[in-house]
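Trainee: Model the structure of this input:
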Amino acid sequence: MAVVARSVGSIGAGTLLFLSFPPRTTWFLAPVGLAILTLVLQGRSLRAGFGYGYLAGLAFFVPLLPWVGTYVGAVPWLALAAIEATSVAAFGAVVAVVNRFPIAPLWIASAWVATEAVRSRVPFGGFPWGRLAFGQADGPLLPVAGIIGAPGISFAIVLMGAGIAGLLQCLRGRRSRASAGHLIAVAAPALLAVIVSSSTVPAQSSTTVAVIQGNVPRLGLDFNAQRRAVLDNHVAQTEQLATEVSAGRAPQPQLVIWPENASDLDPFRNPDAADRIHDAARRVGVPILVGTVLQQGDGTTLNSAIVWDPVEGPGQQHVKRQLVPFGEYLPLRGIVTALSSYADQAGNFVAGTGNGVVDLNGVPIAVATCYEVAFDDLVAESVQSGAQLITVPTNNATFGRTDMTYQQLAMSRIRAVEHGRSVLVAATSGVSAIIEPDGSVQQQTAIFTADMLVGAVPLRTDMTLATRFGAGVEIFLSLLVVPGLLIVIRRKISGKRT
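Mentor: Here you go, the predicted model:
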């Protein structure tokens, strides 16, 4: 019965973590879920901790990631969830052995950051989706992202959860010491958030931007079978913007952002596509950042965002640096093809290089194409290289009406605060948004509608502490668990000698 109860508790904890993520705004369920999981792991062995952690991981990732299998079936979705759940299993194993010490909340929070760091990098370049920080865009801890970044928010959430668990144990009489430490673990993150939220940094200047959402003719993996229709949709919305500006119903933007895959017709190989893009740029009178796919002579392709000037035509470009495994390229092709008939539809894209910054009408902007916004180092490098705005051109049409687009919007809001920059999310089918540096959403579109957003946003050249420290915060927080593990090992060795 005890095993059953702990198993139910683990599954409940993972479910609460899932429920803390967008499109829901129940961010407060995350520390509650971590508190439950910490209590479940109290006094367990290393092996039991791994098992209960894995159950929690499955309960978290299985409902979080169904968008992966929207049009390709359940096998890729469930396989990915099973792999990602191992990170929570590893966390459970660590918690089981350090949970009995007075400063355990600190080590527990560190263990979570460490396991998130690993799964954000391996295998196949990592999969950061589902990091606890990405569920906190509507929570009170959002302001601390500017100091300790996304890893710091994850750390704070787990610290609070472990502190709550410790306080509950004290109340039940199982612990007579360290209640003050647990209280600090719960209160410190909230206090830091209050202090940080009271400070603001004025913008040096501002600019007017436009985000175009052209929509797509159909859902599913073949959304772009009518590639010309997708391009025409974005051209039409841009021309409508030009009309609104001419009539005085909209301000003149300094720059225009199109989404990823706005033109899957290579404009360098299709003159008619190039003409349509150039006509749109000429009509609106300012450069457009155009998401397009470029065909290489060796059969590979590039996921590119090109600066298209109304006079000079195509110029600087960003080539997506972090490709989606099993989507934009296919590792382990033989094995994966045997598992799913959809595997052969994976692309043959080649990753780009550089710092992710392009100049758009005099404004240096960071380009984080779709999946790239989930990776700390890519966005940080762009801002460190001088970007004053962050753009997230994305194509969510392949995931239908799932939670994916709202989860990505939340990531973009975290990045805005983390780096003190406005973020422009341009999606083919939604949700597109203009996000302020404080993470608030100035404007956003509905999903699967043709629309445009026009607004003034601040430009910033200063760097937040999170930007300056970069990966250093994550490394520091991850290493805090090492002393706890060393103490456990030393005690094990001493126990064997006696």
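Trainee: domain assignment for the protein?
Mentor: According to automatic domain parsing, the chain comprises the domains 2-199+471-497, 205-461.
Trainee: okay if I get these as JSON lines plus mean neighbour count and mean pLDDT?
Mentor: Any C-beta I mention is one placed from the backbone N, CA and C, and that applies to glycine too. Listed next are the domains of the chain as JSON lines, based on neighbours: other Cβ atoms under 10 Å; pLDDT from 0 to 100:
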{"stretch": "domain 2-199+471-497", "mean neighbour count": "20", "mean pLDDT": "91"}
{"stretch": "domain 205-461", "mean neighbour count": "20", "mean pLDDT": "92"}
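Trainee: what's stretch 182-197 in contact with?
Mentor: 105-106, 109, 140-144, 146-147, 156-157, 159-160, 162-167, 170 (Cβ atoms under 8 Å, 6 or more residues apart in numbering).
Trainee: What about those, which are in helices?
Mentor: Counting by DSSP state H, the contacts of stretch 182-197 place 105-106, 109, 146-147, 156-157, 159-160, 162-167, 170 in helices.
Trainee: any idea which of those residues is the one closest to A433?
Mentor: Proximity of those to A433 was ranked by Cβ to Cβ; the top entry is G146 with 19.3 Å.
Trainee: tell me the strands in the chain, going along the chain?
Mentor: 205-213, 255-257, 288-295, 301-309, 313-319, 357-360, 363-367, 389-394, 422-427, 433-435, 441-444, 451-459 (DSSP state E).
Trainee: gap between the residue nearest the centre of the chain and P23?
Mentor: Residue closest to the mean C-alpha point of the chain, counted by Cα atoms, centre = their mean, is A374 at 3.2 Å. From A374 across to P23, the span is 17 Å (Cβ to Cβ, to the nearest Å).
Trainee: now L459
Mentor: To P23, L459 is 30 Å away according to Cβ to Cβ.
Trainee: what's the answer for G347, then?
Mentor: Distance of G347 to P23, given as Cβ to Cβ: 28 Å.
Trainee: and what of G315?
Mentor: G315 sits at a distance of 37 Å from P23 (criterion: Cβ to Cβ).
Trainee: need the contact list for the residue nearest to the centre of the chain.
Mentor: For A374, the contact set (Cβ under 8 Å, 6+ apart) comprises 120, 128-129, 131, 134, 408, 411.
Trainee: Determine which two of those are furthest apart.
Mentor: Longest distance between any two of these is 15.6 Å, between S120 and Q408; criterion Cβ to Cβ.
Trainee: Relative to S478, how far out is the residue nearest to A156 when sequence neighbours are not counted?
Mentor: Distance criterion Cβ to Cβ, 6 or more residues apart in numbering; nearest residue to A156, sequence neighbours excluded, is P189 at 3.7 Å. According to Cβ to Cβ, P189 stands 17 Å off from S478.
Trainee: For the closest residue to S478 other than its chain neighbours, give its distance to W107.
Mentor: Excluding its sequence neighbours, the residue lying closest to S478 (Cβ to Cβ, 6+ apart) is A114, at 3.9 Å. Using Cβ to Cβ, A114 is found at 10 Å from W107.
Trainee: Could you tell me which residues touch both of the two?
Mentor: Joint contacts of A114 and W107 (Cβ under 8 Å, 6+ apart) are V481.
Trainee: quick one: which of the ones in helices among the contacts of stretch 182-197 is nearest L231?
Mentor: Nearest to L231 out of the ones in helices among the contacts of stretch 182-197 is G146 (Cβ to Cβ; 38.1 Å).
Trainee: Contacts only, for that closest one.
Mentor: 196, 417-420, 464-466.
Trainee: ok, 10 Å please
Mentor: Residues counted as contacts of G146 (Cβ atoms under 10 Å, 6 or more residues apart in numbering) are 152, 196-197, 199, 201, 416-420, 437-439, 463-467.
Trainee: again with G49
Mentor: For G49, the contact set (Cβ under 10 Å, 6+ apart) comprises 37, 40-43, 89-99.
Trainee: Also T86?
Mentor: Shown in contact with T86 (Cβ under 10 Å, 6+ apart): 50, 53-54, 57-58, 61, 115, 118-119.
Trainee: What separation is there between it and L159?
Mentor: The spacing between T86 and L159, counted by Cβ to Cβ, is 23 Å.
Trainee: Skipping adjacent residues, who's closest to the residue nearest to the centre of the chain in space?
Mentor: Among residues not flanking A374 along the chain, P128 sits closest, at 4.3 Å (Cβ to Cβ, 6+ apart).
Trainee: about what we covered before: could you redo the strands of the chain as JSON lines and give each row distance to A5?
Mentor: Compiled in JSON lines, the strands of the chain are given as follows (distance: least, Cβ to Cβ, whole Å):
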{"stretch": "strand 205-213", "distance to A5": "48"}
{"stretch": "strand 255-257", "distance to A5": "52"}
{"stretch": "strand 288-295", "distance to A5": "51"}
{"stretch": "strand 301-309", "distance to A5": "48"}
{"stretch": "strand 313-319", "distance to A5": "52"}
{"stretch": "strand 357-360", "distance to A5": "53"}
{"stretch": "strand 363-367", "distance to A5": "48"}
{"stretch": "strand 389-394", "distance to A5": "43"}
{"stretch": "strand 422-427", "distance to A5": "43"}
{"stretch": "strand 433-435", "distance to A5": "43"}
{"stretch": "strand 441-444", "distance to A5": "41"}
{"stretch": "strand 451-459", "distance to A5": "50"}
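Trainee: Nearest to R227 among these would be which one?
Mentor: Set against R227 and scored by Cβ to Cβ, these come closest in strand 288-295, at 9.1 Å.
Trainee: chain center to the closest one: distance?
Mentor: Here the centre of strand 288-295 is set off from its chain's centre by 22 Å, with Cα atoms, centre = their mean, to the nearest Å.
Trainee: I'd like to check the angle between it and strand 389-394, please.
Mentor: Note on geometry: by axes from the mean of the first three to the mean of the last three Cα atoms, to 10 degrees, strand 288-295 and strand 389-394 are set 50 degrees apart in direction.
Trainee: can you give me the helices for the stretch 51-200 of the chain?
Mentor: All helices of the stretch 51-200 of the chain, identified by DSSP state H, counting those that start in this stretch, fall at 74-98, 104-119, 145-171, 179-197.
Trainee: The stretch 351-498 of the chain now?
Mentor: All helices of the stretch 351-498 of the chain, identified by DSSP H, counting those that start in this stretch, fall at 376-384, 404-419, 465-469, 472-479, 482-497.
Trainee: Which of the ones you listed sits closest to P253?
Mentor: Shortest distance between P253 and the helices of the stretch 351-498 of the chain, using Cβ to Cβ, is found for helix 404-419: 19.3 Å.
Trainee: From the chain's centre, how far out is the closest one? Work that out for me.
Mentor: 6 Å.
Trainee: For it, enumerate the helices and strands it packs against.
Mentor: Other helices and strands packing on helix 404-419, by 3 or more Cβ pairs under 10 Å, 6 or more residues apart in numbering; DSSP states H and E, are helix 145-171, helix 376-384, strand 389-394, strand 422-427, strand 433-435, strand 441-444, helix 465-469.
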